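Chemist: have a look at this fold, sequence not included:
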């Protein structure tokens with residue numbers, strides 16, 4: 001399986017994401033923000049960081065780049081799976097690829113810690129622990145999105161509506177989440193639950 005990790009100016013989790021994907025058996029390439037075609041890839045990842053310094057609002061400027069236009073074409077053509085992690089989730093929402101918005105945490109502070117989550121996949125629920133690192137991670141949406149939520153906070157550290165930590169689009173080909181699974185693949189201090197998430201991505205690619 002071939003995966004692309006998109007790099008914007010200000011991205012800072014691309015190396016961790018690439019290493020995690022390679023560990024899980026993916027062939028991985030970095031692609032820049034000016035890339036205009038993503039059709040060679042089975043999965044496209046928007047990794048964490050502070051794209052364009054989070055000026056105006058997190059993800060706001062990244063949505064105007066050529067690669068986001070290419071991503072929309074990639075999604076419309078049903079080519080593969082798209083995943084946005086942290087800043088990547090913010091970009092997907094700003095580009096209206098996923099519903100809702102990520103706004104400032106209730107505490108108005110940057111939160112960096114391990115957090116307990118409920119992962120729901122194929123009708124099964126289990127508790128996992130993943131790290132978070134964000135200041136604008138509070139998910140807000142006034143549409144009914146319950147059927148699209150695959151990841152919920154058990155302690156809701158940022159005030160997200162309905163405890164949302166991650167969700168799909170309607171076709172289940174786009175996934176966005178605020179926690180960092182790529183940081184929970186190798187590091188003992190963050191645990192290893194991130195490995196399961198990347199296996200889910202492989203399942204979603206096979207599902208076609």
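Modeler: Cool, got the structure. For clarity, every value in this text was computed on a predicted model and none was experimentally measured. Numbers count the residues shown, from 1 in each chain.
Chemist: can we go C-alpha only for contacts and neighbour counts from here?
Modeler: Fine.
Chemist: so residue 202 is in which element?
Modeler: Counting by DSSP states H and E, the element that carries residue 202 is helix 194-207.
Chemist: residue 191: neighbour count?
Modeler: Using other C-alpha atoms under 10 Å as the criterion, residue 191 is surrounded by 18 other residues.
Chemist: residue contacts, it?
Modeler: Residue 191 makes contact with 129-130, 184-185 under the criterion C-alpha atoms under 8 Å, 6 or more residues apart in numbering.
Chemist: buried among those residues? Make that a PyMOL selection.
Modeler: Applying 16 or more other C-alpha atoms under 10 Å to the contacts of residue 191 leaves a buried subset, and the PyMOL line that selects it is:
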select buried, resi 129+130+184+185
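Chemist: let me know the closest of the contacts of residue 191 to residue 57.
Modeler: Ranked by distance to residue 57 (C-alpha to C-alpha), the contacts of residue 191 are led by residue 130 at 24.4 Å.
Chemist: just say helix, strand or coil for that closest one.
Modeler: Assigned with DSSP: H, G, I helix; E, B strand; the rest coil, residue 130 falls in the strand class.
Chemist: residues touching residue 100, list them.
Modeler: For residue 100, the residues meeting the contact criterion (C-alpha under 8 Å, 6+ apart) are 93, 139-142.
Chemist: can you say which of those are buried?
Modeler: Among the contacts of residue 100, the ones that count as buried by 16+ other C-alpha under 10 Å are 93, 139-140.
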